[in-house]
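Enquirer: Give me the fold of what follows.
(2 chains)
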Amino acid sequence: MSKPTRITNSIRALRFARGEMTQAGLAQRIGVTRQTIIAIEQGRYSPSLEVAFQIAQVFKVPLDEVFQYPGDAP
Amino acid sequence: MVSRTFYIGCVKILLHDRNEGAVSYEEKGTWVYLVTSAGAYFVYLAIILGRLASAPAAQVPYVAVLVWTAGASIVASIVGQVLVETARPSDSRRADVRDREIYRFGEYASRWFLVAGAAAALVMAMAKADYFWIANVIYLGFVLWAVGGSVLKLVAYRRGL
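Expert: Residues are numbered from 1 along each chain as shown, chains lettered A, B, ... in the order given. This next block holds a predicted model:
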């Protein structure tokens, strides 16, 4: 089955790098459900630009460290 | 595909939800709505088809059955959601941005069932068809809208938007 989005992300790695932050913890900080974080991590849902920025802000990294798109310049 | 999605969803709700937490409050509600809408219509069909076998359509008493099954479907979906939530409590009962997007997608895509039901009823009224058939084609449109919309939302929840 092809994923509905070509956007990939490093949320899982970033969570573990930030003291093993739970999906529930991240969800609570950006005001979405845990199921939405699971869907984003698994590439089943592309978040809105606002949610994407909120996630980057939680990890204190630029947006392109959280989300990548095929063909992104290094 | 739909039956596989249905099976996976049921198994998730009944067996794995407590461990994986992969089914949100809104998704559970959609499952309950799908089951109760389809179930109520099957009950209606079973009663009406039984009556149709022994009387012509114009003489079949359908109004009370239609009102009762439609009403029972609404009550059952509310009670069902309370029961599912009691058995498998959700982390949060608030719909988030993804829930709202999936809701809009399902409603938008399934509206054609309502339009088709209304158009068919209009044509049947112009052709002076019996009230029985006009009412039933409208009811079918509502049921397909509810069931189709729920299926589309569940596919979006499981496979992504």
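Enquirer: Backbone torsions only: list them for residue A:67.
Expert: With angles defined as degrees, to the nearest 10, residue A:67 sits at phi -120, psi 140.
Enquirer: which ones are touching it?
Expert: Counting by CB atoms under 8 Å, 6 or more residues apart in numbering or on different chains, residue A:67 makes contact with A:7-10, A:52. Every residue, glycine included, has its C-beta placed from N, CA and C.
Enquirer: Quick one: the helices in the chain, in order.
Expert: Just going to use chain A. Using DSSP state H, the helices of chain A run over residues A:11-17, A:23-30, A:34-41, A:49-59, A:63-66.
Enquirer: nope, chain B
Expert: B:2-11, B:17-20, B:25-52, B:63-87, B:97-126, B:131-159.
Enquirer: ok, back up a step: deepest of the helices of chain A, which one?
Expert: When those are scored by mean count of other CB atoms under 10 Å in any protein chain shown, the highest mean neighbour count falls to helix A:34-41 (a mean of 23).
Enquirer: C-alpha coordinates for it, PDB please?
Expert: Output in PDB follows, covering the C-alpha atoms of helix A:34-41 (Å, rounded to 0.1, in the frame of the first residue of the first chain):
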ATOM      1  CA  ARG A  34      -2.100  10.800  20.500                       C
ATOM      2  CA  GLN A  35      -3.600   9.000  17.500                       C
ATOM      3  CA  THR A  36      -2.800  12.000  15.300                       C
ATOM      4  CA  ILE A  37       0.900  11.900  16.400                       C
ATOM      5  CA  ILE A  38       0.900   8.100  15.600                       C
ATOM      6  CA  ALA A  39      -0.600   8.900  12.100                       C
ATOM      7  CA  ILE A  40       2.000  11.600  11.500                       C
ATOM      8  CA  GLU A  41       4.900   9.400  12.600                       C
END
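Enquirer: now for it, which elements pack on it?
Expert: helix A:11-17, helix A:23-30, helix B:97-126 (3 or more CB pairs under 8 Å, 6 or more residues apart in numbering or on different chains; DSSP states H and E).
Enquirer: Just send those helices back as CSV, with mean pLDDT and distance to residue B:61 too.
Expert: Shown next, in CSV, are those (pLDDT from 0 to 100; distance: least, CB to CB, whole Å):
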stretch, mean pLDDT, distance to residue B:61
helix A:11-17, 95, 59
helix A:23-30, 94, 52
helix B:97-126, 96, 20
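Enquirer: can you put those helices in TSV and add distance to residue B:64?
Expert: Converted to TSV, these look like this (distance: least, CB to CB, whole Å):
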stretch	distance to residue B:64
helix A:11-17	54
helix A:23-30	47
helix B:97-126	20
